[in-house]
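Novice: Sequence and predicted model, in that order:
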Amino acid sequence: MTISTEIVKIEEFVNANIKQSENLFLVDITSAPGNKVTVLLDGDNGVTIDDCTAINKALYKFIEETALFGDANFSLEVSSPGVDRPLKQVRQYKKNIGRKVAVVINDGSELEGVLTQVNDENIIIEEKTGKGNKMSMKSTTILFNQIKHTTVLITF
């Protein structure tokens with residue numbers, strides 16, 4: 001069994017187990033050497049430690065019972081993506097409407113602004129332009145296929 005087949009089986013299991021919770025969704029699954037599996041979950045209203053613990057226990061049992069990695073050892077981590085992780089899913093963008101984001105475009109340029117709208121094709125951010133008394137707001141539409149990555153900026 002290849003790693004990609006294992007990841008597919010894990011993805012199917014996680015999606016089936018979070019299906020009853022309309023709030024939760026799968027962001028990413030990665031596998032590192034030594035069968036180190038990391039599952040990232042998010043939620044429209046956030047994700048709790050209890051959410052992660054429940055999925056971790058169920059997934060661990062599934063991996064052991066199905067001998068997904070054969071007799072090899074594995075490690076499993078189920079968590080929410082940290083605020084420093086780039087947004088990957090449209091649902092993540094939607095839950096962050098109203099927050100300041102940094103968007104890196106495929107050409108390497110970067111835009112910062114408040115995320116105001118999201119649909120399946122693009123996002124719209126409001127950017128401040130100018131300086132001093134000549135400050136103004138500018139709406140910029142960015143297609144998802146133009147985005148290299150987007151991160152939420154923490155403001156205090």
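Specialist: Sure, I can see it.

Novice: care to break the protein down by domain?
Specialist: 3-79, 90-152 (automatic domain parsing).

Novice: Rebuild those as JSON lines, extending it with mean neighbour count.
Specialist: Every residue, glycine included, has its C-beta placed from N, CA and C. What follows is the domains of the chain, written out as JSON lines (neighbours: other Cβ atoms under 10 Å):
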{"stretch": "domain 3-79", "mean neighbour count": "15"}
{"stretch": "domain 90-152", "mean neighbour count": "14"}
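
Novice: In a markdown table, list the ones you listed along with mean pLDDT.
Specialist: Formatted as a markdown table, these follow (pLDDT from 0 to 100):
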| stretch | mean pLDDT |
| --- | --- |
| domain 3-79 | 93 |
| domain 90-152 | 94 |
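
Novice: doesn't Val39 fall inside a strand?
Specialist: Yes. According to DSSP: H, G, I helix; E, B strand; the rest coil, Val39 belongs to a strand.

Novice: Quick check: it vs Gly98, distance?
Specialist: Distance from Val39 to Gly98, counting by Cβ to Cβ, to the nearest Å: 28 Å.

Novice: wait, what's in contact with Ser31?
Specialist: Applying Cβ atoms under 8 Å, 6 or more residues apart in numbering to Ser31 gives the contacts Ile3, Glu6, Ile7, Val37, Thr38.

Novice: cutoff 10 Å now
Specialist: When contacts are counted by Cβ atoms under 10 Å, 6 or more residues apart in numbering, Ser31 touches Ile3, Ser4, Glu6, Ile7, Ile10, Val37, Thr38, Phe69, Phe74.
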